[in-house]
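Engineer: Next come a sequence and a model predicted from it.
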Amino acid sequence: MFGFKSKPAAETEPGNDRLISKLKLGLKRTHAILLTDVGDLLQGTRPVDQNFIDTLEEHLLMADLGVNVTQSVISALPARIKDKTDQVAAVKQALQDLLYEILAPVDKPLIISETGTRPFVILMAGVNGVGKTTSIGKLAHHFKQQGHSVMLAAGDTFRAAAVEQLQNWGNKNNVPVVAQQSGADSAAVIYDALQSARSRNVDILIADTAGRLHTQGNLMDELKKIRRVITKFDPAIEPECLLVLDAGTGQNALMQTRQFNDAIGVTGIILTKLDGTAKGGIIFALAKEAGIPVRFIGVGEKLDDLQPFNSRDFITALFNN
């Protein structure tokens, strides 16, 4: 066991303490259901017996880690704490190690190459109500803070207020928005935006799409069409297909991921609304079963509350709340 440890102060990035503080606040509910009662079990130095293991398993499931993750953690735990004198410290350390090992492989930040094809295209997808359009506004802010030029494409032409909402985000971030009338062909809107972004040498084009249930075949076909249009515009463009998931949906997020991945080839996940749910453990199930990079997590309503995902910071915030 390599032993998970928080970063020493000397290794902490500028502003990282503030980000971890935000994470701690956002993960309070998940921490409470996952660790508070477990912590009560771990008072003293008594051995971890079967009753404790059963209770721990129950709390992992309640925090929405899912059956597969929970079973893998429970089965690995005895070997990690064997012969340890301080059972309290050993279990907590082992849990941190095991959960970190699950998250580390999907900890892959979205990095925009300075020399890549322009525009870099981010295609946003997800079911209704997950916070997709809001996430676009926050992404625009994030990339502008990094010095990139950004353009938005209003590809959600079905929801009446979608274009207006995206234009509001464009105004907030001082970035242009390409839009057409309500009911226009989404693929055509995004093609026009590609042409505009290319002509203006924009670094990043973020394309909104209509929210759709993963079970709606016709709308999923439309998403496939949009993906094809991007390739037709320029085969050299390899879009970042970001799936936005609401952490509060729990295990249903896994089904959404499978269906959207089949349609467009999801390259990254944004997990929103972690601050409003006790089901933040779904991130572990997504990491273990989908294996798709988690690019960003949402822990609040403010512009900078959409944070690039960092597995070590996530575990630090979860266990030290």
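Structural biologist: Received, thanks.
Engineer: for the nearest residue to Pro293 once chain neighbours are set aside, what are its contacts?
Structural biologist: Leaving aside its sequence neighbours, Pro293 sits nearest to Lys108 (Cβ to Cβ, 6 or more residues apart in numbering; 3.9 Å). All C-beta atoms are positioned from the backbone trio N, CA, C, and that covers glycine. With contacts defined as Cβ atoms under 8 Å, 6 or more residues apart in numbering, the neighbours of Lys108 are 268, 293, 295.
Engineer: 10 Å instead, please
Structural biologist: Contacts for Lys108 (Cβ atoms under 10 Å, 6 or more residues apart in numbering) come out as 267-268, 292-295, 309, 311.
Engineer: what do you get for Gly268?
Structural biologist: Listed by Cβ under 10 Å, 6+ apart, the contact partners of Gly268 are 106, 108-110, 122, 240-243, 292-296, 309.
Engineer: do you know how far it is from Ser199?
Structural biologist: 27 Å (Cβ to Cβ, to the nearest Å).
Engineer: May I see the contacts of Lys108 organised as CSV, with secondary structure, distance to Leu205 and pLDDT added?
Structural biologist: What follows is these, written out as CSV (DSSP: H, G, I helix; E, B strand; the rest coil; distance: Cβ to Cβ, whole Å; pLDDT from 0 to 100):
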residue, secondary structure, distance to Leu205, pLDDT
Thr267, coil, 15, 97
Gly268, strand, 16, 98
Ile292, coil, 22, 97
Pro293, coil, 20, 98
Val294, strand, 22, 97
Arg295, strand, 16, 97
Phe309, coil, 22, 95
Ser311, helix, 28, 95
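Engineer: Dump those residues to a markdown table, plus distance to Gln87.
Structural biologist: What follows is these, written out as a markdown table (distance: Cβ to Cβ, whole Å):
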| residue | distance to Gln87 |
| --- | --- |
| Thr267 | 42 |
| Gly268 | 39 |
| Ile292 | 36 |
| Pro293 | 35 |
| Val294 | 32 |
| Arg295 | 37 |
| Phe309 | 32 |
| Ser311 | 26 |
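Engineer: closest to Gly137 among these?
Structural biologist: Among the contacts of Lys108, Arg295 lies closest to Gly137 (Cβ to Cβ), at 15.8 Å.
Engineer: Check whether that closest one really touches Pro308, as I assumed.
Structural biologist: Yes - counting by Cβ atoms under 10 Å, Arg295 touches Pro308, with 7.0 Å between them.
Engineer: Looking at the two, which is more packed in?
Structural biologist: Arg295 (23 against 15; other Cβ atoms under 10 Å).
Engineer: Can you tell me how far the more buried one is from Lys224?
Structural biologist: In terms of Cβ to Cβ, Arg295 sits 22 Å off from Lys224.
Engineer: And for Phe120?
Structural biologist: 21 Å.
Engineer: who's more crowded, those two?
Structural biologist: Phe120 (22 against 15).
Engineer: Low-confidence ranges, the stretch 1-150 of the chain, go.
Structural biologist: 1-19, 34-47 (pLDDT under 70).
Engineer: following the one helix or strand Gln93 maps to, which helix or strand comes up?
Structural biologist: Element membership for Gln93 (DSSP states H and E) is helix 87-103. Heading C-terminal from helix 87-103, the first helix or strand you meet, by DSSP H and E, is strand 120-125.
Engineer: ok, back up a step: ok, which pair from the contacts of Gly268 is furthest apart?
Structural biologist: By the measure Cβ to Cβ, Val106 and Ile122 form the most distant pair in those, at 17.9 Å.
Engineer: Between the two, which has more neighbouring residues?
Structural biologist: For the pair Val106 and Ile122, the greater number of neighbours falls to Ile122 (26 against 21), based on other Cβ under 10 Å.
Engineer: and that one, what does it touch?
Structural biologist: 110, 112, 136, 139-140, 143, 150, 152-153, 204-208, 239-242, 267-268, 295.
Engineer: could you check the distance from it over to Lys132?
Structural biologist: Ile122 is 12 Å from Lys132, by Cβ to Cβ.
Engineer: Spit out the residues that contact these two alike.
Structural biologist: 208, 242.
Engineer: joint contacts of Arg295 and Pro308?
Structural biologist: 107, 109-110.
Engineer: Fine by me, we can end here.
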